[in-house]
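Q: okay, here's the prediction I keep looking at, along with the sequence it came from:
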Amino acid sequence: MTHIARLFIPFNSYLGVAPIGLGNINDSYQLDFEVGGEQKTVLLQRLNHHVFKRPEDVMDNTLRICQHLSSQDYPYKISMPLPGLDGAFLQKDELGNYWRAFSFIENSFAPEGISDPHIAYEAARAYGAFARALRDFPAHSLAETIPDFHNTDRRWEYFLKILAEDPVGRVNKTQPEIKAVFAAKPVFDKISHLKKSGELPLRVAHNDTKAGNVLFDLKTRKALAVIDLDTVMPGSLLSDFGDMVRSFTPDCPEDSVAAPNIRHDVLAALQRGFLEETDSFLTRTERENLMLGAVWMIGEQALRFLSDWLAGDVYYKINAPDHNLVRAGNQLALLGTINSLY
Ligand code: GN1
Ligand code: MG
């Protein structure tokens, strides 16, 4: 990895590299080095170009968003992309992989798997402030880094296709999960209808507002930065709020075999934090449908994990043969719990 790092930084000595984060798509590393007698750190990341088929679009969006955020009254840190020595933000290795570097946010942690009202409130404010700072940014001018990312109708069509093809012969042994996903179809239809009605404003959405994508100060436990801007695209704030509920309220990680319970104090903290930042500009339809966004995101995530299981694990990284099935089961259990609330 030193030769990749050298494309970004002319360091004197290399002190070490360690994988960081629990991303399901890209690979992230903390890189420590010494330059001019000083120890420095950057985040080095391999961008998954099978998922992000136009890596240049991802970097263009990210740069434009970062520039806009820094010009606003936005009180959080920004993890800026760093140019390579030749000025390009993407560097290719000999295998055709794309690499980029970001400024490193020191003494921080991502609250993955931590369900706690204070953390949820802080994170929801940060994601809310992110949306507020971008409310006047022309959403349609951003590239769609993954086309149809939250187009659940398209995801449903893909699911039906995989179901019919059964490429790895898993359909028979997955009947209960398949049935449960079919039961979620009315929610997808409701969202589709709402989108088509034109009542939902097109916003700059983060689209991956999970607990792992907000960094916190290790000492103060205050939110420091919203990270992972790869999927910042035109979208809806319903899915941004919904994905927070999906990832912050369960009392166990999204790949735990045990069925998750929803923490109501965490849910209330999310609502309070998000609305503190966004209430002044949300439309009535958005405000009234935030919880529909939660049901939508949980259902869609169940659909995505289950489709990937049935397709033979072609999208998400897995660390056990049934990892995607376990993830799908977990989201389906969560869906059952949230449905009874909604
Ligand atoms: C992926 O890579 P990561 O963990 O930030 C996925 C999200 C899913 C999430 C589920 C580009 O995000 O959409 O909600 O896994 N990102 C992409 O954990 O598909
Ligand atoms: Mg991501």
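A: Looks like it came in fine. Ligands and ions are numbered 1, 2, ... in the order given.

Q: C-alpha from now on. contacts and neighbour counts both.
A: OK.

Q: the residue of the stretch 51-200 of the chain found nearest ligand 1: what secondary structure?
A: Shortest the stretch 51-200 of the chain-to-ligand 1 distance, computed as Cα to the nearest ligand atom: residue-wise this is residue 51, at 6.7 Å. Classification of residue 51 by DSSP: H, G, I helix; E, B strand; the rest coil places it in coil.

Q: ok, now which ones touch it?
A: Applying Cα atoms under 8 Å, 6 or more residues apart in numbering to residue 51 gives the contacts 25, 146, 315.

Q: out of the residues you listed, which touch ligand 1?
A: Residues of the contacts of residue 51 in contact with ligand 1 (Cα under 6 Å from any ligand atom): residue 25.

Q: closest to residue 192 among the contacts of residue 51?
A: The closest of the contacts of residue 51 to residue 192 turns out to be residue 146 (Cα to Cα; 18.4 Å).

Q: so what's that closest one up against?
A: For residue 146, the contact set (Cα under 8 Å, 6+ apart) comprises 51, 52, 53, 231.

Q: cool, and residue 308?
A: Going by Cα under 8 Å, 6+ apart, residue 308 touches 314, 315, 316, 324.

Q: got the CA coordinates for stretch 185-198 in CSV?
A: What follows is stretch 185-198, C-alpha atoms only, in CSV (Å, rounded to 0.1, in the frame of the first residue of the first chain):
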residue,chain,number,x,y,z
LYS,A,185,-44.9,-4.6,-0.6
PRO,A,186,-47.8,-2.3,0.5
VAL,A,187,-45.3,0.1,2.1
PHE,A,188,-43.2,0.2,-1.0
ASP,A,189,-46.3,0.9,-3.0
LYS,A,190,-47.3,3.7,-0.6
ILE,A,191,-43.8,5.3,-1.0
SER,A,192,-43.9,4.9,-4.8
HIS,A,193,-47.3,6.6,-4.9
LEU,A,194,-46.1,9.5,-2.7
LYS,A,195,-43.1,10.0,-4.9
LYS,A,196,-45.1,10.0,-8.0
SER,A,197,-47.7,12.4,-6.6
GLY,A,198,-45.0,15.1,-6.7
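
Q: pLDDT of it, averaged?
A: For stretch 185-198, mean pLDDT rounds to 96.

Q: buried sites along that stretch?
A: The neighbour-count check on stretch 185-198 (16 or more other Cα atoms under 10 Å) flags 185, 187, 188, 191 as buried.

Q: what about the second one, which helix or strand?
A: Which is residue 187. Using DSSP states H and E, residue 187 maps to helix 185-196.

Q: name the helices or strands packed onto the helix or strand immediately after that helix in the chain?
A: Using DSSP H and E, the helix or strand that follows helix 185-196 towards the C-terminus is strand 203-205. For strand 203-205, the elements it packs on are strand 233-235, helix 237-248, judged by 3 or more Cα pairs under 8 Å, 6 or more residues apart in numbering; DSSP states H and E.

Q: direction included, what does strand 203-205 pair against?
A: When sheet partners are counted by DSSP bridges, strand 203-205 sits next to strand 233-235 (antiparallel).

Q: and the contacts of the partner strand?
A: Against strand 233-235 from outside (Cα under 8 Å, 6+ apart): 61, 139-140, 142-145, 150, 202-207.

Q: quick one: average pLDDT of it?
A: 97.

Q: any part of that strand near ligand 1?
A: No: with Cα under 6 Å from any ligand atom as the measure, strand 233-235 is seen stopping short of ligand 1, the closest distance being 11.6 Å.

Q: next, the buried residues of that strand.
A: Residues of strand 233-235 classed as buried: 233, 234, 235 (neighbour count, 16+ other Cα under 10 Å).

Q: before we move on, what about stretch 171-185?
A: Using 16+ other Cα under 10 Å as the test for burial, stretch 171-185 gives 171, 177, 178, 180, 181, 184, 185.

Q: as CSV, these with secondary structure and distance to ligand 1 would be great.
A: Output for those, formatted as CSV (DSSP: H, G, I helix; E, B strand; the rest coil; distance: Cα to the nearest ligand atom, whole Å):
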residue, secondary structure, distance to ligand 1
171, coil, 22
177, helix, 18
178, helix, 19
180, helix, 19
181, helix, 17
184, coil, 17
185, helix, 19
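
Q: burial count for residue 229?
A: 21 (other Cα atoms under 10 Å).

Q: separation between the closest residue to it other than its chain neighbours and residue 235?
A: Leaving aside its chain neighbours, residue 229 sits nearest to residue 62 (5.9 Å; criterion: Cα to Cα, 6 or more residues apart in numbering). Using Cα to Cα, to the nearest Å, residue 62 is found at 16 Å from residue 235.

Q: which residues in this protein form helices?
A: Using DSSP state H, the helices of the chain run over residues 2-8, 55-70, 117-133, 152-165, 175-183, 185-196, 237-248, 264-278, 284-288, 290-311, 323-341.

Q: and of those, who's closest to residue 215?
A: Closest among the helices of the chain, using Cα to Cα: helix 117-133, at 8.5 Å.

Q: which outside residues touch that closest one?
A: Taking contacts as Cα under 8 Å, 6+ apart, the residues outside helix 117-133 that touch it are 69, 72-74, 76, 111, 204-206, 209, 211, 214, 221-223, 225-226, 237, 244, 248, 265-278, 281.
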